[in-house]
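1. Provided below for reference: sequence and predicted model.
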2 protein chains.
Amino acid sequence: MNYKIKSRIWIEVDGHILLGEGRVHLLKAIEETGSLSKAAKLLGMSYKKAWSLIDAVNKRAEKPVTTTSIGGKGGGGASLTAYGKSLVETFETINENCWKFLDAQIKNSKLK
Amino acid sequence: MNYKIKSRIWIEVDGHILLGEGRVHLLKAIEETGSLSKAAKLLGMSYKKAWSLIDAVNKRAEKPVTTTSIGGKGGGGASLTAYGKSLVETFETINENCWKFLDAQIKNSKLK
DNA sequence: ATTCGTTATATTTGATAAGTCATAACGCTT
DNA sequence: AAGCGTTATGACTTATCAAATATAACGAAT
């Protein structure tokens, strides 16, 4: 059969999204590049889009997820806080577990 | 903590969506009402939107998911095929299992 | 002082999705 | 024959979201 099961998970706080796959992807790109603008470029996303995503995350999370600096050597930059790194890691672990779980589910169903 | 984990699952065929939560919801409403127009009204959805969703499902699925009749007693109607009912049931079972699984996952994480 | 690359933000434009209207075909009921 | 409620479409309008553009602030380096 051609049927494939897919999933997306996200974390909400107060009924608003805090973290989803896209935001996690962006946070990881920030960690790699040390810059929000470079991370946006890496993902083919406009800077504004990237900035508003990160802004939303920081406003919803109980503690800041990124730190930024303006000006200076290299013009500035952005990086993840320890809390941000732990959020990303937790999310990715649960997400991968979810995929494996669903794979097993579809194998036991009539669809496969 | 206020963090809640949420998920959506869907079934794809050839890279296009076949069935998701919204479509399943609509199929169940058709099963209840025996009519596409009544199902759309029940869900606060335009008839056209409902029709194009069902049309897409029937075009992607390997077998028809609904049967319809035009004219006659009551003007016509729509109902699920046996295959459609089995698709809905399989989807809902996997979906509920996924929720339970994620609840367990979040309880074992640092977030809870 | 000027340049540079970045963060931060508002404004405008464009693209895409969704919603609204209108209309035809159909077959039972009256 | 006429009416009714439904399925089935197309045309048009509206709303929503993403993208592009412009601008300011900042601090180190030159």
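-> Nice, I can see it.
2. any weak-confidence spans in chain A?
-> Within chain A, the stretches falling below the threshold (pLDDT under 70) are A:1, A:112.
3. now the most centrally placed residue in it: phi and psi?
-> By Cα atoms, centre = their mean, chain A has its centre lying nearest to A:Val24, at 0.9 Å. Backbone geometry at A:Val24, expressed as degrees, to the nearest 10, gives phi -60, psi -40.
4. ok, A:Gly71 next?
-> A:Gly71 has phi and psi values of phi 80, psi -180 when expressed as degrees, to the nearest 10.
5. residues in contact with it?
-> Contacts of A:Gly71 were listed using Cβ atoms under 8 Å, 6 or more residues apart in numbering or on different chains, and none were found. No exception for glycine: its C-beta is placed from N, CA and C like everyone else's.
6. helices along chain A, start to end?
-> In chain A, the helices defined using DSSP state H lie at A:21-33, A:36-42, A:47-60, A:82-107.
7. picking that back up, do I have it right that the residue nearest to the centre of chain A meets A:Val88?
-> Yes - A:Val24 lies in contact with A:Val88 (Cβ atoms under 8 Å); the separation is 5.5 Å.
8. before we move on, the earlier item: of all the helices of chain A, which one is nearest DNA strand C?
-> Relative to DNA strand C, the nearest member of those by Cβ to the nearest atom of the strand is helix A:36-42, separated by 3.0 Å.
9. what parts of chain A come near chain B?
-> By the rule Cβ under 8 Å from any Cβ of the partner chain, the part of chain A lying against chain B is A:1-14, A:18, A:62, A:86-87, A:90, A:93-94, A:97-98, A:101-102, A:105-106, A:109-111.
10. could you flag which of these are buried?
-> For those, a burial check counting by 16 or more other Cβ atoms under 10 Å in any protein chain shown picks out A:3-5, A:7, A:9-12, A:18, A:87, A:90, A:94, A:97-98, A:101-102, A:105-106, A:109, A:111.
11. who does A:Ser79 bridge with?
-> With DSSP bridges as the criterion, the beta-bridge partners of A:Ser79 are A:Thr67.
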